[in-house]
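Visitor: return a 3D structure for these sequence lines:
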Amino acid sequence: MSSRMTQEECQRAIEGLSPQLDRYAELIVRKGAAVREGQEVVLQAPVERADFARRVVAHAYEAGAGHVTVIWNDDVMTRLEYENVDLSYFEHTPAWKVAQLNGLAEAGAAFIFLDGSDPASLSGVDPAKPAAASRARNRDCRSFREGMDFGRNVWTIAGVPVKAWACTVFPEVSPDEAVYRLWLAILETARAAGEDPQQEWETHNAAFEKNKRFLNGYAFDRLHYVSSNGTDLTVGLNPGHIWEGGAARTVDGTVFFPNIPTEEVFSTPDRMRVDGVVHSALPLAHAGQVVRDFWLRFENGAVVDYDAAQGKDVLRHILETDENAVRLGECALISKNTPIRQTGILFYDTLYDENASCHLALGMGFPECLEGGLDMDRDQLLAHGVNQSATHVDFMIGSDDLSVTGITATGEEVPVFVDGQWAWECE
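Guide: Residues are numbered from 1 along each chain as shown. Predicted coordinates for the structure are as follows:
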């Protein structure tokens, strides 16, 4: 591929991807969302990628969907709203949106989120506004949020390129070429560049089993993270915790893939037993703004101090979402030897960057990561150490020299990660 492509060459190149894009759309519908006969399907998509959204809708109907509802997103319109509307408006979700999202979730809809936006679309906007909107939506749209959190609704998120995002990732080429290159990267990292992506995902899913067996077999009491950037963090794990990864399963037994791509094995830590300092390894793109070079200090599970070279106010609003946003809901392990990391691309998008790097998440924990957790209510989950919050924000900590040691209840220390990869990858 030439370092400079003309607009016509870019157009022909993207047209040449049409068979792969069609297989990618089918993968999202059939493996990601596991659409069933007669089911309501909800598609959220950037209006700039209406062309690909149409492919997804077509495949949803081919899979038997009873009806597809499409909800459009647009970075420019969103920014205009935040610039021109008072903060007080965002402190409550409009009644029509509450009725829409809750009603769809309660009807058993499968949710498909096409992820593509400008990482800095809200740069300079008061971060209190998107923070308030997010907080209100998670509070007011309880059926929608809990349907996904508690395994009642299938959901999947998959990437699509928009020009502003593509130009952030590939600033050295024209916007058209950047979009083409980002399409190639998305297809490759989603294992959708070949002839049979659905079979690729069956094979990929089987590869998670070894890592889950190892971690679940040891039932570690805690993990100790250390890297040369200053990270020295101990994360306690709950009795009865479970490591998950790859395919997920709803309470009615439907198997689906929440993230396309995915490389992580993850669990929910003990919300009260996190101590030490952790430093970011990659920027955090959140709510249209970017946080860089930040660190968090934990005591007894809660963040007690933090700083950032850029975006400290954004970080503050995340931590102030509610009383439990300062606690961890997830710890995830991802080797640096994965397709996403090997591309060498910084995507400025959590879906991709979190799957290129070990990460933690502030906020909501996963009920499925605790024995019997899906049968517990929020108070019971809290009592068992699973954090409950209106937010869930992943941030990447997987430096190339990260070491993670598992410590059992008897004090045995077992290498889990060495130099950013599974210990057995170093053997």
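Visitor: rest of the way, CA atoms for contacts and neighbours
Guide: Will do.
Visitor: can you give me the strands in the stretch 1-150 of the chain?
Guide: Remark: strands assigned in the stretch 1-150 of the chain by DSSP state E, counting those that start in this stretch are 40-46, 67-73, 110-115.
Visitor: the last one to strand 67-73, inter-axis angle?
Guide: In terms of direction (axes from the mean of the first three to the mean of the last three C-alpha atoms, to 10 degrees), strand 110-115 departs from strand 67-73 by 30 degrees.
Visitor: okay, buried residues for strand 110-115 please.
Guide: Within strand 110-115, the residues that count as buried by 16 or more other C-alpha atoms under 10 Å are 110, 111, 112, 113, 114, 115.
Visitor: quick one: average pLDDT of that strand?
Guide: Looking at strand 110-115 alone, the average pLDDT works out to 98.
Visitor: for it, C-alpha coordinates in CSV please.
Guide: The C-alpha coordinates for strand 110-115 follow below in CSV (Å, rounded to 0.1, in the frame of the first residue of the first chain):
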residue,chain,number,x,y,z
ALA,A,110,-30.6,-7.5,21.8
PHE,A,111,-28.4,-4.3,21.8
ILE,A,112,-25.8,-3.6,19.1
PHE,A,113,-23.5,-0.6,19.6
LEU,A,114,-21.4,0.4,16.7
ASP,A,115,-18.5,2.3,18.2
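Visitor: which helices and strands sit right next to that strand?
Guide: In this structure, strand 110-115 packs against strand 40-46, strand 155-159, with contacts taken as 3 or more C-alpha pairs under 8 Å, 6 or more residues apart in numbering; DSSP states H and E.
Visitor: just the mean pLDDT for the shortest one, thanks.
Guide: The average of the pLDDT scores along strand 155-159 is 98.
Visitor: which residues touch whatever helix or strand comes next after that strand?
Guide: Where DSSP states H and E defines the elements, the next helix or strand beyond strand 155-159 is helix 163-169. Residues from elsewhere that reach helix 163-169 (C-alpha atoms under 8 Å, 6 or more residues apart in numbering): 116-119, 173-176, 178-179, 181-182, 345-348.
Visitor: want to throw the helices and strands packed on strand 110-115 into TSV with distance to residue 235 and mean neighbour count?
Guide: Shown next, in TSV, are the helices and strands packed on strand 110-115 (distance: least, C-alpha to C-alpha, whole Å; neighbours: other C-alpha atoms under 10 Å):
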stretch	distance to residue 235	mean neighbour count
strand 40-46	35	22
strand 155-159	28	23
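Visitor: can you redo these as TSV with distance to residue 191?
Guide: Shown next, in TSV, are the helices and strands packed on strand 110-115 (distance: least, C-alpha to C-alpha, whole Å):
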stretch	distance to residue 191
strand 40-46	21
strand 155-159	12
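Visitor: quick one on the thing from earlier: same list (the strands of the stretch 1-150 of the chain) but as a markdown table, adding distance to residue 102.
Guide: Shown next, in a markdown table, are the strands of the stretch 1-150 of the chain (distance: least, C-alpha to C-alpha, whole Å):
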| stretch | distance to residue 102 |
| --- | --- |
| strand 40-46 | 12 |
| strand 67-73 | 13 |
| strand 110-115 | 12 |
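Visitor: and the residue nearest to residue 282 when sequence neighbours are not counted, how far is that from residue 232?
Guide: Of all residues not flanking residue 282 in the chain, residue 396 sits nearest, at 5.7 Å (C-alpha to C-alpha, 6 or more residues apart in numbering). According to C-alpha to C-alpha, to the nearest Å, residue 396 and residue 232 sit 15 Å apart.
Visitor: compare these two (neighbour count), which wins?
Guide: Between residue 396 and residue 232, counted using other C-alpha atoms under 10 Å, the more crowded position is residue 396 (23 against 19).
Visitor: need the contact list for that one.
Guide: Contact analysis of residue 396 by C-alpha under 8 Å, 6+ apart lists 280, 281, 282, 283, 284, 353, 354, 357, 358, 359, 360.
Visitor: spell out the residue ranges of the helices in the chain.
Guide: 7-16, 18-27, 50-62, 75-84, 95-106, 128-140, 142-149, 163-169, 175-189, 197-218, 312-319, 339-342, 350-353, 378-383 (DSSP state H).
Visitor: residue 425: which of those helices is closest?
Guide: Closest to residue 425 of those is helix 197-218 (C-alpha to C-alpha; 11.5 Å).
Visitor: and the closest one, what does it pack onto?
Guide: Helix 197-218 packs on helix 18-27, strand 244-245, strand 265-267, going by 3+ C-alpha pairs under 8 Å, 6+ apart.
Visitor: want to try CSV for these, with mean neighbour count and distance to residue 368 as columns?
Guide: Formatted as CSV, the helices and strands packed on helix 197-218 follow (neighbours: other C-alpha atoms under 10 Å; distance: least, C-alpha to C-alpha, whole Å):
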stretch, mean neighbour count, distance to residue 368
helix 18-27, 20, 24
strand 244-245, 22, 8
strand 265-267, 24, 9
